[in-house]
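Q: Build the 3D model from these lines:
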Amino acid sequence: MSEKYILCRPDAGLNDMLTQIEIMHRYAELADRIVVVDAGYKHGFFFQDSFSKYFISKDARLALDVSHIKQPIDELTTFPAALFGRASSYKPLWSDMLGNWVDTDSNVQLTFDMRRKYDEQLLIHHQCGGNQNALFALTKIIVADEIINSLAERIDAIGAPFSAIHIRNTDYKTDYKTAINALKESIFFPVFIATDNSECRNYCVSVFGRNNVKFFSSLPDDGNPIHLNRSFAPLFRRNADSILDLLTIALSTKFYKIALDGSLHGMQYSGFSVLAENLITYDGVLVSLLGPTRQALSILQKAFTWRQKLK
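A: From the prediction side, this is the model:
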């Protein structure tokens, strides 16, 4: 019997992507399918690169590059049916009414009904939306060696027990100045700053002092979300920096997440902050995610030793 696939094209930020992958994986287990993640789809808006450059799958039902499908995808029977013959070329369009992606030509939502099974060889799921299921997706993958190498360089550069702060302040907004000023007398240094906004980072430097602040990512100066900005840094570095920021927070000795102002979707905290906090809480997932290499184990030993020192 030939394999049946779910072509998963998560089109959003990192937490949303992982959430959508996990949702598809749960369906695939019930429907006996393979999830094929195509994060580098040519008409996608966000990640725009193969997930296989950043992660390795350790799950038989999860493939991280569209090359896993050997047949031409336009020749496979497809659902939604409107995409048959166009799986490699349809263009997504944002629907304010649905709060998600639809096909530009047919206006059909780019997903399927997960309450039923399908005979079609290919199911297409090109959506966004994040929740705490993102953590479970991380149990099925391992960070690629190139990312581990960069992470080791970061941890070595920090060189001591460290605090971490995540501030989201582009599309989502944060009263970060009040939050940072409230921390300046109690936070211990060095402090790693992960943010999508260069003004936020500069403000942290002005309050805490340049010698006390650590950061590594390139940031745009136009105030647009990193995951929608195509020009401020090379593609691999933009994506890798996001993953590395998540992992650096997860290895921190003390993490401070800054509340959103609730003006967009009424969210209290960004999904990225929640995912980082969950990796700290469930550190077995972090150990699994970094993998069994000597360098990964060295990173973990250093970070966990720092935590013990400050208990």
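Q: count of residues packed around L98?
A: Neighbour count of L98, defined by other C-beta atoms under 10 Å: 13. In this view, the C-beta of every residue, glycine as well, is placed from N, C-alpha and C.
Q: quick one: contacts for S288?
A: 138-139, 142 (C-beta atoms under 8 Å, 6 or more residues apart in numbering).
Q: now do 6 Å
A: Applying C-beta atoms under 6 Å, 6 or more residues apart in numbering to S288 gives the contacts T139.
Q: would you say it is within a helix?
A: Yes: the assignment for S288 is a helix, going by DSSP: H, G, I helix; E, B strand; the rest coil.
Q: Touching, Q20 and P10? I think so.
A: Yes: shown here, Q20 and P10 form a contact pair, counting by C-beta atoms under 6 Å, at 3.8 Å.
Q: what's across from Y256 in the sheet?
A: On the basis of DSSP bridges, Y256 is bridged to I165.
Q: Same check on I34?
A: Y5.
Q: where's it relative to L122, distance?
A: I34 sits 11 Å away from L122, going by C-beta to C-beta, to the nearest Å.
Q: Comparing those two, which residue is more hemmed in?
A: More crowded of I34 and L122, by other C-beta under 10 Å: L122, with 23 against 18.
Q: I'd say the more buried one and K4 touch.
A: No: using C-beta under 6 Å, L122 makes no contact with K4, being 7.6 Å away.
Q: Determine the residues that are contacts of both of I34 and L122.
A: Contacts common to I34 and L122, judged by C-beta under 6 Å, 6+ apart, are Y5.
Q: if I look at the closest residue to I142 other than its chain neighbours, how far off is R61?
A: Sequence neighbours aside, G291 is the residue nearest to I142 in space, at 4.2 Å (criterion: C-beta to C-beta, 6 or more residues apart in numbering). Separation of G291 from R61 (C-beta to C-beta) stands at 19 Å.
Q: likewise G40?
A: Note on G40: its distance to R61, by C-beta to C-beta, is 20 Å.
Q: can you check D175 too?
A: 43 Å.
Q: likewise A12?
A: A12 is 22 Å from R61, where distance means C-beta to C-beta.
Q: Compare these two and say which is more crowded by neighbours.
A: Neighbours were counted for A12 and for R61 using other C-beta under 10 Å; A12 has more, 23 against 17.
Q: shaky segments in the stretch 151-300 of the chain?
A: 222-232, 263-266 (pLDDT under 70).
Q: Let's see that with 50 instead.
A: Scanning the stretch 151-300 of the chain for pLDDT under 50 picks out nothing.
Q: And the helices in it?
A: 176-183, 198-208, 235-250, 271-281, 283-290, 294-309 (DSSP state H, counting those that start in this stretch).
Q: Can you list the helices and strands that the second one packs against?
A: For helix 198-208, the elements it packs on are helix 176-183, strand 191-195, judged by 3 or more C-beta pairs under 6 Å, 6 or more residues apart in numbering; DSSP states H and E.
Q: same question for the longest helix along the chain, mean pLDDT?
A: Ranked by number of residues, the top helix in the chain under DSSP state H is helix 14-31. Averaged across helix 14-31, pLDDT comes to 98.
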